[in-house]
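In: Take a look and give me a structure for this.
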Amino acid sequence: MAKKFVEIDNLTPDAQMTAVKKFANFYLQLQKDENLDVVSEMDKKDVITSINLFIFDNISFTHDELLNRLVENRQPEFVTLIAQTGQKFSEDGQEVEQTWPQWLADREKGIDTKEALS
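Out: Residues are numbered from 1 along each chain as shown. Predicted coordinates:
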């Protein structure tokens, strides 16, 4: 039987927290690499501003400390952001239909670089 994947809004609170923590870890790496272009382009609800402000205000923490604080304090913003990605999760929030790096690579393939550079 194939595993059932659902959108983040259909996960239990515990499963949402698991999914958010995994995405937040990916997000922190993108932020560190200054590679949030794809994510910020799809953010139609302007939650990235709140997330990034929190990161900058807490930049002195270790990665793990920052990740935990970020998930604890910005979980609703991450749920909103993740919902905009179209990504689907296993019912426990542990697995995604497509890994986050694959998701990003697929979105980057769709960018019209000629238009972006003009």
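In: could you say which helix or strand contains the residue most central in space within the chain?
Out: In the chain, the residue lying closest to the centroid (Cα atoms, centre = their mean) is residue 23, at 4.1 Å. According to DSSP states H and E, residue 23 maps onto helix 13-32.
In: ok, then the element right after that helix?
Out: Downstream of helix 13-32, the next assigned helix or strand under DSSP H and E is helix 37-42.
In: Could I get the buried residue list for the next helix or strand after that next one?
Out: Using DSSP H and E, the helix or strand that follows helix 37-42 in sequence is helix 48-57. Going by neighbour count (16 or more other Cβ atoms under 10 Å), the buried part of helix 48-57 is 48, 50, 51, 54, 55. Glycine gets a C-beta too; all of them are placed from N, C-alpha and C.
In: ditto for stretch 88-104
Out: For stretch 88-104, the buried set under the neighbour-count rule, 16+ other Cβ under 10 Å, comprises 88, 89, 90, 93, 96, 100, 103, 104.
In: And the second one, how close does it get to residue 55?
Out: From residue 89 across to residue 55, the span is 23 Å (Cβ to Cβ, to the nearest Å).
In: Grab the longest helix from the protein for me.
Out: With secondary structure taken from DSSP state H, the chain has its longest helix at helix 63-85.
In: Spatially, what comes nearest to the residue nearest to the centre of the chain if we skip its sequence neighbours?
Out: Using Cβ to Cβ, 6 or more residues apart in numbering and skipping residues adjacent in sequence, the residue nearest residue 23 is residue 82, 5.5 Å away.
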